[in-house]
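In: Using only what follows, build the 3D model:
(one chain, ligands or ions: 2)
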Amino acid sequence: MTNVEHIGIAVKNLSEGNAVYEKLLGVAPYKSEEVASEGVMTSFFKVGSTKIELLEGTNDLSPISKFIEKRGEGIHHVAFEVNDIKTEMERLRKEGFVLLNEEPKKGADNKLVCFVHPKGTNGVLVELCQEIR
Ligand SMILES: CC[C@@H](C(=O)O)C(=O)SCCNC(=O)CCNC(=O)[C@H](O)C(C)(C)COP(=O)(O)OP(=O)(O)OC[C@H]1O[C@@H](n2cnc3c(N)ncnc32)[C@H](O)[C@@H]1OP(=O)(O)O
Ligand SMILES: [Co+2]
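Out: Ligands and ions are numbered 1, 2, ... in the order given. Below you'll find the predicted structure:
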């Protein structure tokens with residue numbers, strides 16, 4: 001793993017979240033993107049070599065809507081950049097981690113992603129990200 005690619009933050013309302021983080025970080029989001037397969041609308045802020053990803057659920061079944069209902073707004077996941085997602089998924093499987101998708105899937109911001117179950121990572125949902133080249 002080469003970098004913390006982004007930190008995902010679950011918000012109830014993306015425009016309100018954008019206003020807060022724009023004030024906090026002193027920069028505007030550089031993009032907004034819907035990922036319908038995950039039931040989320042996102043926005044991204046650059047912070048040095050990493051990013052903040054704000055996520056609003058777009059339907060009641062979205063992992064973000066369920067998370068906010070149970071736990072409220074806050075840090076939802078930590079995403080690590082990897083060079084070769086399939087190799088890293090295989091390594092983690094062999095180490096006994098529970099992967100939440102069998103194959104890499106398309107995420108936001110031109111990435112292939114895979115999630116690791118938070119029960120095996122001290123309560124933190126982990127995302128692996130590989131740039132689509
Ligand atoms: C935009 C695309 C992409 C990107 O490119 O960056 C994204 O970031 S998408 C982000 C949204 N997508 C996902 O989160 C996909 C992976 N998540 C899942 O598969 C599920 O959310 C989950 C983690 C398996 C939980 O689903 P489920 O078991 O159906 O939900 P429950 O509400 O029943 O929770 C069970 C258990 O897990 C705890 N939980 C849930 N979410 C998290 C979390 N983000 N971090 C830590 N813990 C989490 C939840 O509190 C429950 O705990 P207990 O009550 O103690 O059992
Ligand atoms: Co993410």
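
In: Next to ligand 1, which bits of the chain? Give me the list.
Out: 8, 35, 38, 40, 42, 53, 55, 63-64, 66-67, 70-71, 76-77, 79, 100, 107-108, 111, 113, 115, 117-118, 123, 125, 127 (Cβ under 6 Å from any ligand atom). Where C-beta positions appear, they are placed from N, C-alpha and C, glycine not excepted.

In: Just the buried residues out of those, in PyMOL syntax.
Out: Of these, the buried ones go into a single PyMOL selection, burial set by 16 or more other Cβ atoms under 10 Å:
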select buried, resi 8+35+38+40+42+53+55+63+64+67+76+77+79+107+108+111+113+115+125+127
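
In: pLDDT value on the residue sitting furthest away from the middle of the chain, please?
Out: For the chain, the largest distance from the centre (Cα atoms, centre = their mean) belongs to residue 94, which lies 23.2 Å off. Among the per-residue scores, residue 94 shows a pLDDT of 98.

In: again with residue 127
Out: With respect to pLDDT, residue 127 has a value of 98.

In: Just to check, it is in contact with residue 115?
Out: Yes - Residue 127 lies in contact with residue 115 (Cβ atoms under 8 Å); the separation is 5.4 Å.

In: what touches both of those two?
Out: residue 77 (Cβ atoms under 8 Å, 6 or more residues apart in numbering).

In: dump the residue contacts of residue 93.
Out: Residue 93 makes contact with residue 99 under the criterion Cβ under 8 Å, 6+ apart.
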